Each structure stands twice: as structure tokens, then as C-alpha cells.
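Undergrad: sequence and predicted model, in that order:
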Number of protein chains: 12
Amino acid sequence: MADSVYKIIEIVGSSSKGFDAAAKVAIERASKSLRDLRIAEVIAQDIQIEKGKVKAYRVKLKVSFKFEGGK
Amino acid sequence: MADSVYKIIEIVGSSSKGFDAAAKVAIERASKSLRDLRIAEVIAQDIQIEKGKVKAYRVKLKVSFKFEGGK
Amino acid sequence: MADSVYKIIEIVGSSSKGFDAAAKVAIERASKSLRDLRIAEVIAQDIQIEKGKVKAYRVKLKVSFKFEGGK
Amino acid sequence: MADSVYKIIEIVGSSSKGFDAAAKVAIERASKSLRDLRIAEVIAQDIQIEKGKVKAYRVKLKVSFKFEGGK
Amino acid sequence: MADSVYKIIEIVGSSSKGFDAAAKVAIERASKSLRDLRIAEVIAQDIQIEKGKVKAYRVKLKVSFKFEGGK
Amino acid sequence: MADSVYKIIEIVGSSSKGFDAAAKVAIERASKSLRDLRIAEVIAQDIQIEKGKVKAYRVKLKVSFKFEGGK
Amino acid sequence: MADSVYKIIEIVGSSSKGFDAAAKVAIERASKSLRDLRIAEVIAQDIQIEKGKVKAYRVKLKVSFKFEGGK
Amino acid sequence: MADSVYKIIEIVGSSSKGFDAAAKVAIERASKSLRDLRIAEVIAQDIQIEKGKVKAYRVKLKVSFKFEGGK
Amino acid sequence: MADSVYKIIEIVGSSSKGFDAAAKVAIERASKSLRDLRIAEVIAQDIQIEKGKVKAYRVKLKVSFKFEGGK
Amino acid sequence: MADSVYKIIEIVGSSSKGFDAAAKVAIERASKSLRDLRIAEVIAQDIQIEKGKVKAYRVKLKVSFKFEGGK
Amino acid sequence: MADSVYKIIEIVGSSSKGFDAAAKVAIERASKSLRDLRIAEVIAQDIQIEKGKVKAYRVKLKVSFKFEGGK
Amino acid sequence: MADSVYKIIEIVGSSSKGFDAAAKVAIERASKSLRDLRIAEVIAQDIQIEKGKVKAYRVKLKVSFKFEGGK
């Protein structure tokens, strides 16, 4: 089997529904321009607050995909 | 624009429904006595177990708000 | 009160429903063979992706229980 | 069972007797003004030196207690 | 010499001049309501950006002071 | 000299006397069922509080021993 | 309000004037090709030395911006 | 697809040949008693020294495998 | 001397030969599309296992290069 | 007041009596050859085990002192 | 090209002017007794406070230089 | 058995052959001026790149040895 190289980027997804949805939003958005996504690692979670209420749940992810050049 | 100073406290919210709800409970409780909350950062999550079942999801948060003195 | 000793193991739960469910699955599975589970600490979360969609949410947990020998 | 919210503060205790005593001093002092303390987590330990001798052992603790408002 | 107990809080200072000034602003503000501040440890630094320019430098600090009760 | 493999487990010892005793309790309990213990690394320390007093000092340890199969 | 996705990249700025200037240089350079930068988090700082003198202050930043595809 | 649960253990492999060999030794030894190993994460590396020479390279690994009960 | 700005990306190289080769593969692949690579920092290492044998050594690297725009 | 420069070294103290004594031993030994020691920060603690019993408590410290040249 | 070995030490610089100056003071002081300094990595920053005002900015650095023996 | 004190220093070894060789070079160089080296802990690994090729593998180590005074 040939050697392979993957690239990793960081993205942040945001949703008013919860952490699961915030991660899903980010992954589906990233899948539109990146091929062959495999794993998304959660590296941070936070919550935006407005007038004492939760406004949005946010999840920061590291996503890996096949390296095909570019920057 | 004037310089500003924020204070950060740590709180733990707990809920039997899940991590999203546990964070929400903590933020809404904190909003009753603290003004101008902006961001709550998740710094730890754990689960209390009783008789082999999930009893409560808990989320530890760092919340920042305008510093108006006090300790 | 007598001194006590606990043991801690790491497990990973996986579910297509979300992070709460993934943690629940792991805890209920571990409860079948380990007695007196008390706390499960979340130490990592990631997401398996297939064809650009979330396939499974995964939660890595540290669970503590009474030490009764064995390895 | 009702949802609950806890607050966490950091304190530093200091004693010439050792780390155990330094932690004890901090906890008993904090108990005078805070209700329902449950767990104190050690997050750092250091030693003050004077003329080549140990002057004081110091323990930094995170203590959690019921959130009843205030800042 | 008597045992002593210190408390630690987190504050964030912000200034358009730079990191040194941001820390100074936070410390002088905190000194108005807290007695006997000794050390402020830098635990994070970030920069707010507006229209591609630096808007404010921010410094997050842990400040320790004599524990005199309160929450 | 032959290659060798060690296994590492996490245990928590608890004692009302102090951190040294808590570690000792855990090591002597683990030695009853595990052979050839060599090093126990302290990875966390906390204190259980009851009615404003220290109830128990706890030490979390990583202990390594010869790997002889099992899980 | 619609869900949103941000991307995060790491850049290093360098200046002989100091850490504030090094961060400013990196942010203004990044702003030329990236739209809607909001926050730059400092994740490391170092200093290049030449003949016993400071040659350049360097700041490593994580910058977040609206995700519009690309890699 | 059914939900699944994995367990993670820490092992240390040792070899005079180098880090690659030390990891290989540990994995092949663990495979004799654990089924369905998938990933081994390197969490620490060190070197034993004797009379000023490298005696053994050691690699500490976290290995995950299907949870089938036991402790 | 003029101020300069570098960009940092994360890549993962994989090889059946060992960690050195896995890093080499990733660096030579990245060099095809990125100019002026200087340093690659190892941030994680793991091993893929198949039928109880090492299938591939993997190295995650942070590589820095001159920032020339793009995303 | 003049600018000042301190140097920091790491030492490990060992004692069969406990962690407090192990730290004390290291500090008093270091004081014989280093002037003006001020603070010793605990950065790791472990325990050597022999025949299932605690053989020695060890404490790793970072000690700072006035920089007067040398290496 | 020949293999080379570097040594790394930790130093703390202090200045009332700011963090840049504190780092500069430490580096220039270290350069008097150490040859061929190349990089100084910032590993901690804090501020000494006196009567509610900044007294000194302090920067802790790791500096590397050619290893020529000694301790 | 008498109490003992060890000192720890950081060194960096460099080799074009690989990480194992880089660590070996550093340890054998350090052994020429330091007595009774026991353990070298790997704390960082990086790679120098020149014209798109690996120029040198580098390993940063913490080495401990008997404390016999000096700085």
C-alpha cells in the first residue's frame, strides 16, 4: 500500500440548537469544498450569550482530508 | 473608544437532559446576578452515574462579564 | 471511616444520535461488568465522517469504580 | 431532582508545616464565608525559601460551592 | 509567622495601545476594589480586529489578593 | 537483554491522614493483585470536604507493572 | 439568524520593534487576502537572537475568518 | 449500524533498536491477549542510559480495542 | 531588514517503514506545492494496527512557510 | 529600581518520609551551591515502589535564583 | 555537515518598561556568559504589583546555545 | 538508604539519520561532562527542511543526573 499524506484544518461551527448541531453544520459546510473528510476532532466548545440567554452553541473542530496541494 | 475590564468566573451546571441543557441552566442562573454576560467557554464535562445509569450531565464553564468591583 | 481505593479506566462510546447518547452507551455498557461506577469524565470528543455526513459522534471517558483486584 | 449550579473559586493556602496543612488552612478559612463546600482540587504547589531553608509550603486549590448569586 | 490564605480571580484588560497597557488597565481597575494585590499572571492574550486593523489588544490575567471573605 | 512490555493503570487512593498516606494506601492495595510494581506517578490530588472540614485527601496515580496478558 | 462556519489559520508575524508590532504586521498582511477577520489569539511568542542582541520579536497567532471554501 | 464501545489501555514497549521497534514490541505483545486492536497513540518517549550510552528506547502507547467486559 | 509573515499548516504523513519515513513523506509531498518550508514540528505520532501487526506509522506535523496570500 | 535577571533550574529530591521531606532535601542541597533561592515550584511527584511497598517519595522542582553567569 | 548538540536554560527578565524590555534585559544579560544564543522562547509572563500599580513586567524565557560541557 | 538529589537539564540533539540517532548524539555528548545519567525524556521533536528535503531530525531531551553543585 502506498504512503499517504493528509492535511488538517480548523473550523468553527455555530448553531442555536446545541453542540451536536453546531458540529454537523461545520462538517457539512466543509464537505462542499474538501474531499474525503474522515475525522473531525473537537478541540473547543463555547456559548455566545445575549441578554442572559444562550444565543449560539459553537464547536471548534480539526478536520483531516487528503492533501492535494494548494495552501 | 475607552479601555475596558472584564472579570471571569467558573460555574458548573448540571442537568439530567444532556450537556446542552446543563450549560443553559448554568448560564441562565448566572445571568440573574451578573450583568452583560458575553461568552461561556466549556472547560470540562463529566457525568454522574447512579446504579449503572446516567444521573446527570455536568458542564464546567468560564463566563466573562463587565467588572464593576466586588470580589 | 476506612481508607478506600478506586480504579480508573478509559472507554470510548459511539452513537449516531449525538454526544450525550455516545456517553450513555459507553456508561451503560461498562456498568454490566464493573460495579459501583460513580463519575465519568469526558476527555475527548470526535466525529466520524462518511461521504461528507456525520456518521457517528464519539466520546472518550475516564470512569472510576471500586478496586477489587484483577488487571 | 432539580437542576443545580455550582461556582468555583481559586484560593491559596500557606503553612510552614507542609502541603497537607497548607490545604487544610485554605479550606477552613474558605468555609467561614462559603456554604456547602464539597471538593477542593489541587492545581499547583510551591515552596517559599528564605536563607536556604523552607519558609512555607503553599497549595493552590479550586473549591466548588452552591451558587447563590453575588460576584 | 501566621498561616495565610489568598484568593485568585481572572480578569481581562483591553487597550488599543498594546499588551503592556492592556495589563496595566486591568490591574489598576482591580486595585480599586481589591486590597493587597501582589502578582498578576498572564494566562492568555488575543487581539480584536476590525476592518483588517488591530482594534484592541487584550490580556487575561490571574490576580491574587488577601482573602477576606465574600464570594 | 530481551525487549520488555509494561502496562499502566490509574488508581485513586484516599486517606484522612494526608496525601502521602493516600498514595501509600493505593500502592499497597494495588500490590496485592499486580506483580512487579515499579513507579507510581502522581497525576492529580484533591480533597473531599464535609461540614467545612477536610474529610479525605485523595491522590490519583499511574502505576506501571509487567504486562502478563489479561485486560 | 442563520448558522455560520468559520475557519482558523495559524500565522507568524515578526518585527524588530516588539511583540505588539509583530502581531500587527501579521494581522495586516493576512487581512489583504482574507475577509472578515475577527479575533487573533496569541499561541506562542519567541525572540530571534543575533550576536547577543534581540534581532526580531515573533508572535504566532490563530486567526479566524468566514469560511468561503478553498483549502 | 449498532452503537459500539471501545476500551483504552496504556502500555510501554522497550527496545535497544529504536523508537519504532519499541512501539512494535508493545503492540505485538498486546495483540496476543487483546482482540481487534486498531490504533496506538504515542503519549511519551524516553531513553534509558547506562554508562553514558543508550541502553533502551521506550515508547508509552494508548491502545484501543473492543470492550468485552472484564476490568 | 523588512518584517516578515509566515503561515503554518498541519499535515499527517504515513509510512510502513517508521516515524522518520512518515515525516519525510509528508514534508516532500508538502514541498511540491508550498515554497520555502523551514521547520516541521512533530505534534503527534500514532500507529495503525491490522491483525495484531503494525500497518503504518503516522506523524502529524506543523510546517511553516512564507505567507503569499490564499486561504 | 534596577532591572534584574533570574535563572531557573530543575532538581529532584527524594525521601522515604514523604513529599514534604523530599522537597526540603532538594532545596537544602541546592542552597549549598546556589545563592538567593526564592521560590521552588512543584512540577511533578512520583513514588518508587519496591516489593509492593513505598520505597521513596520524589518531588521535581523548578528553583529560581539570581543569575551570576556560568552555564 | 556534523551532528550538533544544544543546551537549553530558563531565565527570567524583569523591567518596569514592559514585556519587550524584560525579555531584552534577560537576553543581553545571558549573552555575557553564554555563546552563540539563537532563540529565546517565551514560556510565561507575569506582573509584580505594588500599592495597586504595576511595579515590574517579567518574562520567563527558554534560551538555547551550543553545548560546550559544564553543568 | 540516604536521601538523594538529582538535577535535570534540557539538551537538543540533531542528526540527518533520524530521531533515534539525534537522541543518541545528544546523550553521548552530555555523558562526556555529566556523571551518572539515568533517563532522557523526549519533550519535543522537529525537522529542519532545506530546499524541500529533510536536512536534520532534532530531538529535545530532559536528562537527569546526580547533583554535585555548580550552576
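TA: Sure, I can see it.

Undergrad: tally of neighbours for the residue nearest to residue A:66 when sequence neighbours are not counted?
TA: The shortest distance from residue A:66 to any non-neighbouring residue, by Cβ to Cβ, 6 or more residues apart in numbering or on different chains, is to residue A:36 (4.6 Å). C-beta coordinates here come from the backbone N, C-alpha and C atoms, glycine included. Counted with other Cβ atoms under 10 Å in any protein chain shown, residues neighbouring residue A:36 total 13.

Undergrad: phi, psi of residue A:36?
TA: Phi and psi for residue A:36, reported as degrees, to the nearest 10, are phi 70, psi 40.

Undergrad: state the distance from it to chain D.
TA: Residue A:36 sits 42 Å away from chain D when distances are taken as Cβ to the nearest Cβ, to the nearest Å.

Undergrad: same deal with residue A:20?
TA: Distance from residue A:20 to chain D, by Cβ to the nearest Cβ: 20 Å.

Undergrad: would you say that residue is within a strand?
TA: No - counting by DSSP: H, G, I helix; E, B strand; the rest coil, residue A:20 is not found in a strand; it is helix.

Undergrad: and the closest residue to it other than its chain neighbours, what is it in contact with?
TA: Counting by Cβ to Cβ, 6+ apart, residue A:20 lies nearest to residue C:18, which is 3.9 Å off, once chain neighbours are set aside. For residue C:18, the contacting residues are A:18, A:20, B:18, C:57, by Cβ atoms under 8 Å, 6 or more residues apart in numbering or on different chains.

Undergrad: any idea how far residue A:25 is from the residue nearest to residue A:66?
TA: 20 Å (Cβ to Cβ, to the nearest Å).

Undergrad: now do residue A:19
TA: Residue A:19 is 11 Å from residue A:25, where distance means Cβ to Cβ.

Undergrad: follow-up on the earlier one: what's the closest of the contacts of residue C:18 to chain G?
TA: Nearest to chain G among the contacts of residue C:18 is residue A:18, at 11.6 Å by Cβ to the nearest Cβ.

Undergrad: show the pLDDT at residue A:19.
TA: On pLDDT, residue A:19 comes in at 98.

Undergrad: wait, it touches residue A:45, no?
TA: Yes - Residue A:19 is in contact with residue A:45 according to Cβ atoms under 8 Å; the separation is 5.8 Å.

Undergrad: residue ranges for the helices of chain A, please.
TA: For chain A, helices defined by DSSP state H occupy the ranges A:19-31.

Undergrad: longest strand in it, please.
TA: Across chain A, the strand with the greatest residue count (assigned by DSSP state E) is strand A:53-66.

Undergrad: could you export it as CSV, CA atoms only?
TA: Output of strand A:53-66 as CSV, limited to C-alpha atoms (Å, rounded to 0.1, in the frame of the first residue of the first chain):
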residue,chain,number,x,y,z
LYS,A,53,-29.9,33.7,27.2
VAL,A,54,-27.9,31.2,25.1
LYS,A,55,-27.7,32.7,21.6
ALA,A,56,-25.5,30.0,19.9
TYR,A,57,-23.5,26.9,20.7
ARG,A,58,-20.1,26.8,19.0
VAL,A,59,-17.8,23.9,18.3
LYS,A,60,-14.2,24.2,17.1
LEU,A,61,-13.1,21.2,15.1
LYS,A,62,-9.9,19.8,13.5
VAL,A,63,-10.8,18.1,10.2
SER,A,64,-8.4,15.9,8.2
PHE,A,65,-8.6,15.3,4.4
LYS,A,66,-6.4,14.0,1.6
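
Undergrad: give me the angle between that strand and helix A:19-31.
TA: 40 degrees (axes from the mean of the first three to the mean of the last three Cα atoms, to 10 degrees).

Undergrad: which other helices and strands does strand A:53-66 contact?
TA: strand A:4-15, helix A:19-31, strand A:39-50, helix B:19-33 (3 or more Cβ pairs under 8 Å, 6 or more residues apart in numbering or on different chains; DSSP states H and E).

Undergrad: and among these, the most buried is which?
TA: helix A:19-31 (a mean of 23; mean count of other Cβ atoms under 10 Å in any protein chain shown).

Undergrad: distance between that one and the chain's centre?
TA: Distance of helix A:19-31 from the chain centroid (Cα atoms, centre = their mean, to the nearest Å) equals 6 Å.

Undergrad: check stretch A:39-48 too.
TA: 8 Å.

Undergrad: is any part of it close to chain C?
TA: Yes - using Cβ under 8 Å from any Cβ of the partner chain, we find that stretch A:39-48 touches chain C at A:39-42.

Undergrad: quick check, nearest of those residues to chain D?
TA: When these are compared against chain D (criterion: Cβ to the nearest Cβ), the nearest one is residue A:42, at 22.3 Å.

Undergrad: quick check: that closest one touching residue C:44?
TA: Yes - contact criterion Cβ under 8 Å: residue A:42 and residue C:44 qualify, at 7.5 Å.

Undergrad: for the residue in chain A that chain H sits nearest to, list each beta-bridge partner.
TA: Going by Cβ to the nearest Cβ, chain H is nearest to residue A:39 of chain A, at 10.8 Å. Going by DSSP bridges, residue A:39 is paired in beta bridges with residue C:48.

Undergrad: pull the contacting residues for it.
TA: So residue A:39 contacts A:63-64, C:46-49 (Cβ under 8 Å, 6+ apart).

Undergrad: tell me the least confident of these?
TA: Ranking the contacts of residue A:39 by pLDDT puts residue A:64 at the bottom, with 92.

Undergrad: tell me what it is bridged to.
TA: Applying DSSP bridges, one finds that residue A:64 bridges with residue A:8.

Undergrad: ok, back up a step: any chance of the contacts of residue C:18 in TSV, with distance to residue F:68 too?
TA: Shown next, in TSV, are the contacts of residue C:18 (distance: Cβ to Cβ, whole Å):
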residue	distance to residue F:68
A:18	45
A:20	42
B:18	41
C:57	36
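
Undergrad: residue I:66 versus residue A:23, what's the distance?
TA: Relative to residue I:66, and taking Cβ to Cβ, residue A:23 is found at 33 Å.

Undergrad: could you do residue A:16 as well?
TA: With Cβ to Cβ as the criterion, residue A:16 and residue I:66 are 40 Å apart.

Undergrad: please apply the same query to residue A:42.
TA: 31 Å.

Undergrad: for residue A:53, same thing?
TA: 45 Å.

Undergrad: now do stretch A:52-71: distance to the chain's middle.
TA: 3 Å.

Undergrad: now swap in stretch A:25-39 and tell me
TA: 8 Å.

Undergrad: thinking residue A:9 is in contact with residue A:43, fair?
TA: No - Residue A:9 is not in contact with residue A:43 according to Cβ under 8 Å; the separation is 11.7 Å.

Undergrad: what touches both of these two?
TA: In contact with both residue A:9 and residue A:43: residue A:62, using Cβ under 8 Å, 6+ apart.

Undergrad: so what's residue A:56 up against?
TA: A:14-16, A:22, A:47-48, G:1.
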